[in-house]
Each structure stands twice: as structure tokens, then as C-alpha cells.
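> need a structure here:
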Amino acid sequence: MTASELLSRTIQALNPKDPLSRALNLMDEFHIAVLPVVAKGRLVGMLKEEAALNSNDPAATVEQVMDRVELPYVRGAQHVYDVLKLLAERDLPLVPVLDPNGRYQGSVSGAEAVHAMADLVNACVPGSVVVLEMARNDYSLQRLARIVEEEGARVLSMYCNDLPESMRMEVTLKINRDDISGILQAFDRFQYTVRTTFQPSRMEDDMRQRYDALMRIMKI
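Numbering: from 1, shown residues only. Predicted coordinates:
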């Protein structure tokens, strides 16, 4: 999934000659604190809401207060991972997207990038989540997938992160099964440490037990 596939259909770019009042109105409409500034098809600046609000000149234009240095952007062919990386590193609500010739294509908002990431990791697909811990040298994607598949399930998505100041890591698996008891037993047989699990059926049982307990208390 590339940046050019995620372009916002609503967020508009500003023109350097636009009055700050128009910029602030657009920011209020889009519920966003930064907007790109484009002239002749090129990204020439970024306007922050704070800078616009701090201007003491009621007749000021965008070009008078916009940022011009180290403008953030990604190319249209870059992956959504690159979009998320820039959003996080620069603490931005959106990222401008340029074509191979440096022309402005549009912008990707943080919300759109998150939705795209949710699709990539099958976050909205029913299933369970297992978080494993293991030595980094013990990690094998093929082995983990085989354990899951031998129990009649499949891995919908997976991501890894190294644990700080150690040679161990966490592996998070999204599995297309609500009941993963057999899979957990298999991980135990292969001596993987299951740190935690998130199972829809178990969460529903927990909520039901809490509700029943609350009802008993209310009857006392």
C-alpha cells in the first residue's frame, strides 16, 4: 500500500497568497493544525495553526508566516510504513505526497495512515492475538506459522520488537481463530513463552462475570 493510494479527498492545500483567515477556516473545517502550501504545483511551505493564530497582522497572508525549511514529504511510491515513520518522527497530523518530478499530489492524514495500517494487519478481522517472548536466536517465522497451521488456523499478521537491554524479543501474532487453546498448548510444547493473549470469547466471559457480580452486589 503506497502513499499515492492513501491521498485525502478532503484536505486542501493553501496558496501562499491566501489570507490567514482562510487558512484558519480550512483548519477548523478539516480539524487539523497544519496544512501544506502549494504554488505552481510545488510544495513551498507548511502552515501551522499556532503560527497563524500568533500573527498580529489581520491582513497577513500564508507566505508571511509559513515554514519554508526542511519541509516533510514522501514520494507517491513509498510505503505506508514510510508515511507512519514521518508522522511519528515529526509529530505531524498529515504528510504531503510528491510525484517523481517533485510535484504535489496531495496529502495523507494520520487517520488515513492508521486506517491503512489496520487493514494491513487485519486488525478488524475476527480472531485472537497471542504475544510470545523468545530469545532472538530462536525466532523463526516459518516455525511459528507451521505451529499455527498444524492446529488448523493461520496467521493473519505478525510483528516483532526487540526487548530493550536484552537478547530477547516479543512476537505478536493475529490468528484467525477465537478458540486458540490448542495453539497455546502447541506453543507450550515447543517451549515458547506466552506473555499474554487476547481472545474475544474470553473477554466476553470476563465481561459477563463482571456484570453478574455487579448485579449480585446491587441486589444486596
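> Now E49: closest residue in space that isn't a chain neighbour?
Nearest non-adjacent residue to E49, counting by CB to CB, 6 or more residues apart in numbering: A33, 4.2 Å away. (Glycine included, C-beta is placed from N, CA and C.)
> same deal with G41?
Nearest one to G41, counting by CB to CB, 6+ apart, is R103 at 4.6 Å.
> Tell me how far the one you found lies from L35.
Between R103 and L35 the distance, using CB to CB, to the nearest Å, works out to 18 Å.
> Between the two, point out the one with more neighbours.
For the pair R103 and L35, the greater number of neighbours falls to L35 (28 against 13), based on other CB atoms under 10 Å.
> what distance separates the helix or strand M169 falls within from the centre of its chain?
Per DSSP states H and E, M169 falls inside strand 168-175. Distance, stretch centre to chain centre, for strand 168-175: 18 Å (CA atoms, centre = their mean, to the nearest Å).
> Partner strands of that strand and their direction?
strand 128-135 (antiparallel), strand 155-162 (antiparallel) (DSSP bridges).
> Tell me which residues are up against the last one.
If I follow you right, that is strand 155-162. Identification of contacts with strand 155-162 by CB atoms under 8 Å, 6 or more residues apart in numbering yields 120-123, 125, 127, 136, 139, 141, 144-145, 148-149, 168-176.
> How far off centre is it?
15 Å.
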